[in-house]
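A.B. asks: No letters, just coordinates:
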Ligand SMILES: Nc1ncnc2c1ncn2[C@@H]1O[C@H](COP(=O)(O)OP(=O)(O)O)[C@@H](O)[C@H]1O
Ligand SMILES: [Mg+2]
């Protein structure tokens, strides 16, 4: 479990905090979606939950970030990396830049954690297969498209099988098919007990995989609750968040006085 209590963060040199007063609990096996307009604080929240602010990005932290009831502040980086896998918004920055092939890249994380060789190889194939990218195994990571990089970076994280996963807009560069694969892989991971925080503009994806959704507005939590409730709330549109297609359809059908059961055959 990851627990934020009264958390605020001001980047070094910034005049005011980027997020403040955040209370959030991420339970094992739970997928929590984070939505909000640009600059609402989604990336900052991801950095905080991943234990990377202020560790990797300088700034002033208020409140506490605890993982399994321990303050992560004093944790050494290698311990953090084993427990929380995180992926930044920019996939090209996520890749190590030192591996000649995608396969080596995906092995890199588990290798750094000192796992036995046979297990590393098993895990790498499993992760590549989960995202349907085994055909990229021999490719040069530096020569992939943005979407491919995103999938390879995610495979590298899956291979570590961290108990907690923090993903900052992991499908930004993916088409609907790629987005669906990521959703399926994350659901599988969560059902194995991982807790997952995912900042995502694609509310259709969140509608499918998230248990709860947190809405950020100007650095504060504006709304939080069960996915179906939050994503059907009309006020999220005024915060710059698109409604899931299913919600739009349901409303249109209701407005037209048509039986809602016509939507039973629709899959989003
Ligand atoms: N490294 C930084 N230094 C100073 N301010 C930052 C930095 N990164 C983000 N911010 C500011 O923090 C606020 C929240 O940004 P961010 O967390 O990136 O939002 P989002 O991911 O929702 O777009 C914004 O006002 C942004 O300008
Ligand atoms: Mg962001």
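C.D. replies: Noted; the coordinates are in hand. Everything numeric here is computed off the predicted structure, so don't read it as measured data. Numbering: from 1, shown residues only. Ligands and ions are numbered 1, 2, ... in the order given.
A.B. asks: By mean pLDDT, point me to the weakest helix or strand of this protein.
C.D. replies: Of all helical and strand segments in the chain, the minimum by mean pLDDT, DSSP states H and E falls on helix 91-94, at a mean of 81.
A.B. asks: list the buried ones in it?
C.D. replies: 91, 94 (16 or more other CB atoms under 10 Å). C-beta: built from backbone N, CA, C; applies to glycine.
A.B. asks: Pull the residues that contact it.
C.D. replies: 87-88, 146, 149-150, 152-153, 156, 173 (CB atoms under 8 Å, 6 or more residues apart in numbering).
A.B. asks: Highest neighbour count among those residues?
C.D. replies: Within these, residue 150 tops the neighbour count with 28 neighbours, counted by other CB atoms under 10 Å.
A.B. asks: Please identify the helix or strand for whichever residue of the chain sits closest to ligand 2.
C.D. replies: Of all residues in the chain, the one sitting closest to ligand 2 is residue 43 (3.3 Å; CB to the ion). Here residue 43, judged by DSSP states H and E, is contained in helix 42-49.
A.B. asks: any idea how far ligand 1 is from the closest residue to residue 201 other than its chain neighbours?
C.D. replies: Ranked by CB to CB, 6 or more residues apart in numbering and with sequence neighbours excluded, the top spatial neighbour of residue 201 is residue 169, at 6.5 Å. Between residue 169 and ligand 1 the distance is 8 Å, computed by CB to the nearest ligand atom, to the nearest Å.
A.B. asks: ok so, going back, burial count for the residue of the chain closest to ligand 2?
C.D. replies: 19.
A.B. asks: Ok, residue 193 next?
C.D. replies: 10.
A.B. asks: what about stretch 172-179, distance to the chain center?
C.D. replies: The chain centre lies 14 Å from the centre of stretch 172-179; the measure is CA atoms, centre = their mean, to the nearest Å.
A.B. asks: That stretch near ligand 2 at all?
C.D. replies: No - counting by CB under 5 Å from the ion, ligand 2 is not contacted by stretch 172-179; separation bottoms out at 9.3 Å.
A.B. asks: Okay, now that stretch: how far is its last residue from its first?
C.D. replies: 9 Å (CA to CA, to the nearest Å).
A.B. asks: What residues does the residue of the chain closest to ligand 2 make contact with?
C.D. replies: Residue 43 neighbours (CB under 8 Å, 6+ apart): 88-89, 168, 199.
A.B. asks: before we move on, the earlier item: quick one: average pLDDT of the helix holding residue 43?
C.D. replies: Mean pLDDT, computed over helix 42-49, is 96.
A.B. asks: need the next SSE after it, C-terminal direction.
C.D. replies: strand 59-67.
A.B. asks: quick one: that next one to helix 42-49, angle?
C.D. replies: 60 degrees (axes from the mean of the first three to the mean of the last three CA atoms, to 10 degrees).
A.B. asks: Give the pairing partners of strand 59-67; include direction for each.
C.D. replies: Applying DSSP bridges, strand 59-67 is found paired with strand 2-11 (antiparallel), strand 70-71 (antiparallel).
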